[in-house]
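Trainee: Generate coordinates for the sequence data below:
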Amino acid sequence: MSMQFKGKTALVTGSSRGIGRAIAERLAEGGAAVVINYLENESRAREVVDGIKARGGSAIAIQADMASPADIRRLFDEAEAAFERPDIVVANAATAVIKSIVDCTEEDYDRVFDTNTKGVFFVLQEAARRVRDGGHIVVTSTGGTKMFFGQTSLYLGSKGAVEQFVRVLSRELGPRNITVNAISPGFTDTELLPDRDRAVAAGMSPFDRIGSPQEVAEVAAFLASDAARWVSGQNVGAGGGVF
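Mentor: Numbering: from 1, shown residues only. Predicted structure coming up:
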C-alpha cells in the first residue's frame, strides 16, 4: 500500500461507521494519523481505532456532536493537542429524515439541518482556520442532489447547501494552496440503505450492483492526496455510473 499520507494528520467526522469509517481506515492505511469522531457509540469508535492500531497505524477517538459549534471547536482543539494541526479534514457526519414535505416537522428540519448544514459549515470554518497550507478538505455530499427522489427534501436540501459551501471555500483557501472538494456517493452498502431498495439501486448502475464504502473511500483518498492538488471546488461523483 502506498504511504502517500505518511506524516500527515487527518480528522474525519462521523467516522465510527459506514463511509466515514472506510475513509478514515483508508487514510490510516496510507500512513496518516487519524482522528475518529463519533456521536454516541464509543465502542464502535474504539473498534475502528483498535483496528487501525493493530495494522500499525495511529488513531484516536473523540466524541463530539456535529450539530454543536462548541463541540466542533472542542473536537479540533483535542485533535490538535494530540496530533498537531491537521493536513486533511473530511466533513462526513450526517443524518437523514425520510418523509414527504407535508409530513416533515420543525423538529425534523432542525435535526437534519443542524447536523448536515450548520454542522458542516462550522467544521469547514474550523478547518479553514487550522488546516496546514497545502492541505485538503473533503465534504461528503450525495448523488441524490443530481437526481429526483420523493421524501428526501430535508436531506437533499441540506446537502445542496454544503455543495455551495465547498465552491465558495475553495476560492477563499486557494491562495494557501488548500483544496476543497465534495464527494457524492451513490447507492452504497451501508446500514443507511434499506434492504427493500437494494435490488432497484443495483439495477440503476451499469455495473448492476451497489458500491462499497471502500470504493467511495478510494475516491475520497484521492481528493485528500497531493495527486489532487489541481482539483478544487469540484463535486466528484462516486456512484457507479448511476448519475
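
Trainee: ok, so what distance separates residue 57 from residue 198?
Mentor: 32 Å (Cβ to Cβ, to the nearest Å). Where C-beta positions appear, they are placed from N, C-alpha and C, glycine not excepted.

Trainee: so where's the chain uncertain?
Mentor: 1 (pLDDT under 70).

Trainee: Would you map the helices across it?
Mentor: 18-29, 42-54, 69-83, 106-113, 120-130, 153-173, 195-203, 213-223 (DSSP state H).

Trainee: contacting residues for residue 222?
Mentor: Residues near residue 222 by Cβ atoms under 8 Å, 6 or more residues apart in numbering: residue 228.

Trainee: do residue 59 as well
Mentor: Residue 59 touches 24, 28, 33, 34, 35, 36, 48, 49, 52, 53, counting by Cβ under 8 Å, 6+ apart.

Trainee: partners of it in the sheet?
Mentor: With DSSP bridges as the criterion, residue 59 is bridged to residue 34.

Trainee: any idea how far it is from residue 133?
Mentor: Applying Cβ to Cβ to residue 59 and residue 133 gives a distance of 24 Å.

Trainee: contacting residues for the residue of the chain most remote from its centre?
Mentor: Largest separation from the mean C-alpha position in the chain: residue 102, at 29.2 Å (Cα atoms, centre = their mean). For residue 102, no contacting residues are found, by Cβ under 8 Å, 6+ apart.

Trainee: do residue 83 as well
Mentor: Residues in contact with residue 83 (Cβ under 8 Å, 6+ apart) are 9, 33, 35, 58, 60.

Trainee: Same check on residue 232?
Mentor: 170, 174, 179, 180, 181.

Trainee: Was I right to think the first one contacts residue 176?
Mentor: Looking back up the chat, that one is residue 170. No - using Cβ atoms under 8 Å, residue 170 makes no contact with residue 176, being 11.1 Å away.

Trainee: if you count what's nearby, which of those two comes out ahead?
Mentor: More crowded of residue 170 and residue 176, by other Cβ atoms under 10 Å: residue 170, with 19 against 12.
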